[in-house]
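Peer 1: Following is a predicted model, sequence given first.
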Amino acid sequence: MNSATIDPWASEQSFDYNKLFEEFGMSRITPDEAKRLDFYLARRGILFAHRDLDLWLKDAAEKKPVAVMSGIKPSSEFHLGSKLTAEELIFFQQKFGAKVFYCVADLEAYADNGLTLEQSHETAVSNVADLLALGLDEKNAYIYKQSQERRVMQMAYLFAKRATPAMLKALYGDRNYSLYFSALTQVGDILLPQHKDFGGPKRTIVPVGVDQDPHIRFSRDIAFKEKLMLPGATYHKLMRGLKGDSKMSKRDPTSSLSLSDSQEVAKKKLMSAFSGGQATAEEQKKKGGNPDIDMLYEVMKFHFIHDDKLLQEMHDDMKTGRMLTGEYKLKWIPYALQWLEAHQKKKKEMLPRARKILEAGE
């Protein structure tokens, strides 16, 4: 594995997580750090690695200003991967009082997906409504569109002098220059919390999937050269698609669960999800199943069951063979459906507010 094999724009890639520590210098989240976080994702090893989380936690404990930064590319509706990052963002806001910086990356949607700014606007409104429905406190947040935030564009332009073609190729491989400039723009996003208009240098944490690490390393390199605080990051493991293969991606709606899916569509997708059960009922009762490869279990572990005892019950239902696959799915799928129904109701209420936030700067 080399740096170019981590592709922040790819929809399909797998990782040897141990090599990430060896080759890219990530740190493991220690048991003590997981205890301090007191977050189900850290407890379950889903949030598993970081850069400078310890320094960020130290400043937060000392009541120094800290920020948490993330964003969304408005190319489609929120899916479970989008939800995971958003919940981490909200966690750092709620538990530590961190100010949220949230970027709607409409310029990246243009560079990577060919969507005009007008085309991505309505999706952006929907995405921000999801974020608000998940619990973001907008009073302690700055939500903006890349195309409208001049400070980000100015920073990207100024930072360009610190980047060389060799550096960009080493991080991202051979790309067209629109993606290289998109990466520079994301450096501007990640370092925006340290702009003088927001109080100057401060510790910032960026929750991401491991596939986004090139952006983090690029931002840290630029920050060092600009004498800013190096942005930190937390890394979560990538959830597989419902078919049990590659990373869940918005590009394959049949293998991902959207937060806007109807009850009927969501149930159908989860009923069809890759199963860890045996081929026959007799084998299932005799040998039990494998929850480690069961996609319904993975979905619940990452998203819909926060109670560890309840998750263990689900694990044992599959592992012991005391339930057949069909019975198992009918028992546990309602947990996801109930969550989706409640979320969609909250989101509908938040749509006018989301539109107002995004159109305030136009």
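Peer 2: Here it is on my side, so go on.

Peer 1: Only C-alpha atoms from now on, for both contacts and neighbour counts.
Peer 2: Will do.

Peer 1: Which positions in stretch 261-268 come out as buried?
Peer 2: Asp261, Ala266, Lys267 (16 or more other CA atoms under 10 Å).

Peer 1: just checking, which of the residues you listed belong to helices?
Peer 2: Using DSSP state H to define helices, the subset of the buried residues of stretch 261-268 located there is Ala266, Lys267.

Peer 1: Now pLDDT and distance to Ala42 too, for the buried residues of stretch 261-268, in a markdown table please.
Peer 2: Formatted as a markdown table, the buried residues of stretch 261-268 follow (pLDDT from 0 to 100; distance: CA to CA, whole Å):
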| residue | pLDDT | distance to Ala42 |
| --- | --- | --- |
| Asp261 | 97 | 28 |
| Ala266 | 98 | 27 |
| Lys267 | 97 | 28 |
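
Peer 1: mind putting the buried residues of stretch 261-268 in TSV, distance to Met155 included?
Peer 2: TSV is the format used below for the buried residues of stretch 261-268 (distance: CA to CA, whole Å):
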residue	distance to Met155
Asp261	38
Ala266	42
Lys267	45
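
Peer 1: Distance-wise, check the closest residue to Phe198 other than its chain neighbours relative to Glu22.
Peer 2: Distance criterion CA to CA, 6 or more residues apart in numbering; nearest residue to Phe198, sequence neighbours excluded, is Leu192 at 7.9 Å. Shown here: Leu192 relative to Glu22, a distance of 30 Å by CA to CA, to the nearest Å.

Peer 1: Who has more neighbours out of these two?
Peer 2: Leu192 (21 against 10; other CA atoms under 10 Å).

Peer 1: need the contact list for that one.
Peer 2: The neighbours of Leu192, taking CA atoms under 8 Å, 6 or more residues apart in numbering as the test, are Arg151, Val152, Phe198.

Peer 1: how about those in a markdown table, adding distance to Tyr102 and secondary structure?
Peer 2: Shown next, in a markdown table, are those (distance: CA to CA, whole Å; DSSP: H, G, I helix; E, B strand; the rest coil):
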| residue | distance to Tyr102 | secondary structure |
| --- | --- | --- |
| Arg151 | 14 | helix |
| Val152 | 12 | helix |
| Phe198 | 14 | helix |
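
Peer 1: So which of these wins on neighbours?
Peer 2: Most surrounded of the contacts of Leu192: other CA under 10 Å gives Val152, at 23 neighbours.

Peer 1: burial measure for the residue lying closest to it once chain neighbours are set aside, as a count.
Peer 2: Among residues not flanking Val152 along the chain, Gly188 sits closest, at 4.7 Å (CA to CA, 6+ apart). Neighbouring residues of Gly188 were enumerated by other CA under 10 Å; the total is 26.

Peer 1: what's the answer for Ala281, then?
Peer 2: 16.

Peer 1: wait, it sits on Met323?
Peer 2: No - taking contacts as CA atoms under 8 Å, Ala281 lies outside contact range of Met323: 9.2 Å.

Peer 1: what's the longest helix seen in the chain packed up against?
Peer 2: If you go by DSSP H, the chain has its longest helix at helix 325-359. Here helix 325-359 touches helix 117-133, strand 141-145, helix 263-271, helix 308-319, going by 3 or more CA pairs under 8 Å, 6 or more residues apart in numbering; DSSP states H and E.
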